[in-house]
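Trainee: this one's sequence-less:
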């Protein structure tokens, strides 16, 4: 399955693909004060029309992006912990075996228990990857506070007391880890994101291309955990 609007990695160009358009799935609703459920086809323009101010978001100038595309394509600064402030409270995803799960805060701040056996099997494996020796070496090479991987496993590491959020692993995943059924957005965090993003951009250290290439070993391990049968798109195209 490939998401319309997301560039195909080279490995997928010879595969038989089902390219899915989600434009008609464009509902947005406030399900609790300040908490919004957004369907995958809802565009950034739709969010603005509904009253959500997302001007601080990366890629927000392209108001034609839908929520599934934004989550797949967003490139956040490579500072550990920056995912925490983006306003994404949770992500409702479909695993490659068809199981649907809502992934969000985890641990003492758990607001959504893991209900499926698939999630109960994959989440511990993701935490094990956070302790991977290769990843720890890469973190030392990249420098303090710098995240060297494509997939945002740092959202699971609780750095500096940050809340662990399983859903944030989908940020910038290139439609390769699962299928986004909906996103849950926190209005107060979205409003506060501008200042946090500005500081993260000022503090950002570019990750050398060679370090990112070394990190692909761990990235591919994440891909195998989340999509072992390669149902979704392959590891995302690198941009530099």
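Mentor: Yep, it's here. Computed from a prediction, not measured in an experiment: that's the story for all the values here.
Trainee: what ranges do the helices span in the chain?
Mentor: Residue ranges of the helices in the chain, as given by DSSP state H, are 44-50, 67-73, 117-130, 133-142, 187-203, 209-226.
Trainee: any idea which of those helices is most buried?
Mentor: With neighbours defined by mean count of other C-beta atoms under 10 Å, none of these is more surrounded on average than helix 67-73, at a mean of 25. C-beta coordinates here come from the backbone N, C-alpha and C atoms, glycine included.
Trainee: report the distance from that one to the chain centre.
Mentor: 8 Å (C-alpha atoms, centre = their mean, to the nearest Å).
Trainee: again with stretch 176-190
Mentor: Counting by C-alpha atoms, centre = their mean, stretch 176-190 is centred 8 Å from the centre of its parent chain.
Trainee: give me the below-cutoff pLDDT ranges for this structure.
Mentor: Counting by pLDDT under 70, the low-confidence segments of the chain come to 107-112, 159-161, 194-196, 198-205, 237-240.
Trainee: thought residue 5 was touching residue 67?
Mentor: No - with the criterion set as C-beta atoms under 8 Å, residue 5 and residue 67 do not qualify as a contacting pair; they are 11.5 Å apart.
Trainee: out of the helices of the chain, which gets nearest to residue 10?
Mentor: Ranking the helices of the chain by distance to residue 10, with C-beta to C-beta as the measure, places helix 209-226 first at 13.8 Å.
Trainee: residues touching the closest one, excluding its own?
Mentor: Residues outside helix 209-226 that contact it (C-beta atoms under 8 Å, 6 or more residues apart in numbering): 95-96, 122, 125-126, 129, 132, 134-135, 138, 141-142, 148-151, 153, 169, 176-178, 234-235, 238, 240.
Trainee: give me the angle between it and helix 133-142.
Mentor: Interaxial angle of helix 209-226 relative to helix 133-142 (axes from the mean of the first three to the mean of the last three C-alpha atoms, to 10 degrees): 150 degrees.
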